[in-house]
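> please find the sequence and the predicted model below.
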Amino acid sequence: MPWITVVAASVDPAPPARPLRTRTVVLRLAGGLVAILVVVGLLATFAAQWLAEREAVNDAANVADVLADAVIQPSLTSALADGDPAAVEAFDRIIRGQVIGDDIVRVKIWSPEGVVLYADEPQLIGRSFELDDAQREALSNPSTRAAISDLSEDENEFEPGSRLLEVYRPVWAPDGRELLFEVYLPYDPVAARAADLWRGFAGVTTSSLLLLLVLTAPIVWGLLRRLRSEERRRADLLQRGMDASDAERRRIAGTLHDGPVQELVATSYAAEGAADAAVRRGDTEAGAQLREVAGAVRGNIRVLRSLLMDIYPPGLRAAGLAHALHDLAATARSRAVTVDLDIPERLPDLAEPDEQLVYRVAQETLRNAVAHAAPCRVTMRLAAEGPDLVLEVADDGPGFDPTILDEPAEGHLGTRVLQDLAQQAGAELRLATRPGGGTRWRLRIPAAAGRKDARR
């Protein structure tokens with residue numbers, strides 16, 4: 001039968017939850033504050049850029065309107081609209097003297113057909129370009145259109161830098177012909193305004209967060225103190241509960257050992273003595289019955305000793321693992337199960353959790369055999385394989401369908417117990433079974449750092 005890995009071994013089982021520490025909370029709060037500052041800084045950067053561009057676009061539109069009404073419109077002539085070179089030269093002197101400067105980068109006058117009638121860059125004059133949607137919209141619905149320019153277009157091949165503010169608006173020649181006035185403004189003021197806005201956002205946000213931190217620090221500190229106090233109280237209550245449970249189990253185990261177990265031992269001796277006396281009198285039938293009674297009493301003593309191991313597992317350390325496994329086997333034998341033990345004379349010196357794990361798994365597998373496979377024969381083997389310790393428990397009973405491990409049915413909760421025991425200890429648990437083919441359990445405990453060489 002193939003082996004099925006029920007629980008995989010884990011070198012590092014899940015560590016217990018660590019108590020909450022003030023330093024940890026402070027570091028987390030500081031990390032959260034830094035993360036918030038980074039996020040707010042990024043958002044503030046985008047917001048400042050957007051607001052600065054919006055303000056700059058509005059300002060550029062206002063500047064273009066002022067120039068159009070004060071300079072461009074009064075200076076336009078019909079000859080300029082016709083492309084007369086003398087009119088273009090006269091218009092250029094006005095533009096260079098009154099418009100072009102640090103605040104104005106480029107000026108163009110367009111015809112509705114896309115011909116550049118004037119530009120302060122002479123190479124553009126007379127060239128034709130297809131008007132974009134914004135330009136056509138400004139002419140069809142007379143209005144001022146301002147935006148961040150796209151300098152990748154052919155008409156902008158002579159423009160400096162990578163970004164400019166671009167404004168369109170219609171103007172009219174003296175004969176009533178509609179023309180398009182275009183002006184470019186530098187983008188540098190936008191970057192400066194964005195930096196100013198960002199510093200304002202950052203200052204307000206940082207001061208607000210620091211104020212919030214100062215105001216909430218006493219509250220967080222008080223909550224931490226209360227939480228640590230509650231943790232200590234809960235740990236104390238848990239320890240007291242465990243101590244009380246341990247003391248009660250020890251008391252019950254001591255009462256059973258010093259009372260019923262001793263009385264049963266005395267009863268078994270008395271029954272044996274009475275049986276010997278009956279045989280000496282010649283009453284062999286009574287002697288045989290008394291010996292059966294003595295055997296039954298000894299069987300009950302073994303059952304009680306196994307029960308004592310269940311009630312008070314620390315007795316396992318005092319009695320020894322081998323002795324405890326022999327007691328388990330004796331208990332199973334009294335319930336129609338033949339148990340063959342294969343335990344070496346020298347057992348590895350296990351840490352107490354590993355020793356209890358072996359005992360609990362052996363106990364649970366024998367219980368399963370008694371409950372679901374009796375009458376049967378069980379072979380239990382405990383051995384060291386390399387640095388690991390291996391426990392195998394096999395029975396020749398009816399076996400079962402291993403798919404029940406996914407959802408244990410009623411009466412098969414023992415398989416879930418075995419899985420939980422192995423998983424909590426970080427051990428490997430494997431199973432080989434099938435209907436009619438018996439059952440084999442294999443527990444492998446990885447080498448523990450505290451395990452000694454051997455116990456003599």
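That came through fine.

> which other residues reach stretch 375-388?
Outside stretch 375-388, the residues that touch it by C-beta atoms under 8 Å, 6 or more residues apart in numbering are 325, 329, 332, 336-344, 347-348, 358, 362, 365-366, 369, 389-397, 444-447. For the C-beta atoms, the positions are set from N, CA and C on the backbone; glycine is no exception.

> starting at the chain centroid, how far to that stretch?
39 Å (C-alpha atoms, centre = their mean, to the nearest Å).

> contact partners for the nearest residue to V57 once chain neighbours are set aside?
Leaving out its chain neighbours, the residue that sits closest to V57 by C-beta to C-beta, 6 or more residues apart in numbering is A146, at 4.5 Å. Going by C-beta under 8 Å, 6+ apart, A146 touches V57, N58, A60, A61, A64, L165, E166, V167, Y168.

> can I assume A146 sits in a strand?
Yes: under DSSP: H, G, I helix; E, B strand; the rest coil, A146 falls within a strand.

> now do it against A64, distance only.
7 Å (C-beta to C-beta, to the nearest Å).

> what sits in contact with each of the two?
V167.

> re the thing from before, which of the contacts of stretch 375-388 fall within helices?
In this view, these that belong to helices under DSSP state H are L325, A329, A332, V358, A362, T365, L366, A369.

> need those residues in TSV (columns: pLDDT and neighbour count).
Below are the ones in helices among the contacts of stretch 375-388 laid out as TSV (pLDDT from 0 to 100; neighbours: other C-beta atoms under 10 Å):
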residue	pLDDT	neighbour count
L325	84	23
A329	84	21
A332	81	24
V358	88	23
A362	89	23
T365	89	26
L366	88	23
A369	87	27
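
> widest-spaced pair of the contacts of A146?
Spatial extent of the contacts of A146 (C-beta to C-beta) is set by the pair N58 and Y168 at 14.6 Å.

> out of those two, which sits in the more crowded spot?
Y168 (25 against 11; other C-beta atoms under 10 Å).

> could you pull up the mean pLDDT of the helix or strand where S245 lies?
Element membership of S245 [criterion: DSSP states H and E] is helix 188-256. Here helix 188-256 scores 78 as its mean pLDDT.

> C-terminal to it, what's the next element?
Using DSSP H and E, the helix or strand that directly follows helix 188-256 along the chain is helix 262-281.

> could you give the average pLDDT over that following helix?
85.

> export the ones in helices among the contacts of stretch 375-388 to TSV and tack on distance to L51?
Formatted as TSV, the ones in helices among the contacts of stretch 375-388 follow (distance: C-beta to C-beta, whole Å):
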residue	distance to L51
L325	80
A329	84
A332	83
V358	72
A362	75
T365	74
L366	78
A369	79
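
> quick check, nearest of the residues you listed to L418?
T365 (7.1 Å).

> these two touch, right, that closest one and V393?
Yes: between T365 and V393 there is a contact under C-beta atoms under 8 Å: 4.1 Å.

> which residues are common contacts for these two?
Joint contacts of T365 and V393 (C-beta under 8 Å, 6+ apart) are M380, W441.

> got the contact list for stretch 108-122?
Under C-beta under 8 Å, 6+ apart, the answer for stretch 108-122 is 72, 76, 80-81, 83, 88, 91-92, 95-96, 100, 106-107, 124-131, 135, 139, 155, 158, 171, 178-183.

> strands - which of those land there?
Using DSSP state E, R106, V107, V171, E178, L179, L180, F181, E182, V183 are the members of these that sit in strands.

> need the max-distance pair from these.
R106 and E178 (20.9 Å).

> pick out whichever of the two has more residues nearby.
R106 (20 against 14).

> list the contacts of the closest residue to the more buried one other than its chain neighbours.
Excluding its sequence neighbours, the residue lying closest to R106 (C-beta to C-beta, 6+ apart) is Y184, at 3.8 Å. Neighbouring residues of Y184 by C-beta under 8 Å, 6+ apart: I104, V105, R106, V107, S149, E159, L164, L165, E166, V167.

> how about A329?
V339, L341, L366, M380.

> can you tell me how far it is from R302?
10 Å.

> looking at this, G437 is in a helix?
No: read with three-state DSSP, G437 is coil and lies in no helix.

> where does the prediction get shaky in the protein?
For the chain, the stretches with pLDDT under 70 are 10-22, 150-162, 242, 246, 305-319, 407-414, 448-456.

> gap between T415 and H372?
From T415 to H372 the distance is 10 Å (C-beta to C-beta).

> so between those two, which is more surrounded?
The residue with more neighbours, out of T415 and H372, is T415; 21 against 17, by other C-beta under 10 Å.

> residue contacts, that one?
With C-beta under 8 Å, 6+ apart, T415 has these contacts: V6, N368, I404, L405, P408.

> buried only: go through those residues for me.
When the contacts of T415 are checked for burial by 16 or more other C-beta atoms under 10 Å, the buried set is V6, N368, L405.

> hang on, isn't I36 packed against L210?
No: I36 lies out of contact with L210 (C-beta under 8 Å); the separation is 11.3 Å.

> ok, V7 - contacts?
Taking C-beta under 8 Å, 6+ apart as the test, what V7 contacts is Q419, A422, Q423, A427, E428, L429.

> what do you get if the cut-off is 10 Å, keeping everything else the same?
418-431, 443-444 (C-beta atoms under 10 Å, 6 or more residues apart in numbering).

> quick one, which of the residues you listed are buried?
By 16+ other C-beta under 10 Å, the contacts of V7 give 418-419, 421-423, 425-431, 443-444 as buried.

> the residues you listed: which two are farthest apart?
So, the buried ones among the contacts of V7 by C-beta to C-beta: farthest apart are G426 and L431, at 17.9 Å.

> circling back to that earlier point, could I get the contacts of Y184 as CSV with distance to V279?
Below are the contacts of Y184 laid out as CSV (distance: C-beta to C-beta, whole Å):
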residue, distance to V279
I104, 133
V105, 129
R106, 132
V107, 136
S149, 123
E159, 127
L164, 124
L165, 124
E166, 125
V167, 128
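
> sitting in helices, which of these do you find?
Among the contacts of Y184, no member falls in helices (criterion: DSSP H).

> which of those sits closest to V26?
Among the contacts of Y184, and counting by C-beta to C-beta, the member closest to V26 is L165, at 48.2 Å.

> ok, now which ones touch the closest one?
53, 56-57, 59-61, 63-64, 105, 146-149, 183-187, 189-190.

> who does it form a beta bridge with?
According to DSSP bridges, the partner residues bridging L165 are I148, L185.

> gap between it and R106?
Counting by C-beta to C-beta, the gap from L165 to R106 is 11 Å.

> intersection of neighbour lists for these two?
S149, V183, Y184, L185.

> what's the nearest residue to the first one if we skip its chain neighbours?
So that's S149. In space, S149 is closest to E166, 3.7 Å off (C-beta to C-beta, 6+ apart).

> again with A147
Nearest one to A147, counting by C-beta to C-beta, 6+ apart, is E166 at 5.9 Å.

> I'd say that neighbour and V107 touch.
No: when contacts are counted by C-beta atoms under 10 Å, E166 is not listed as touching V107 (11.6 Å).
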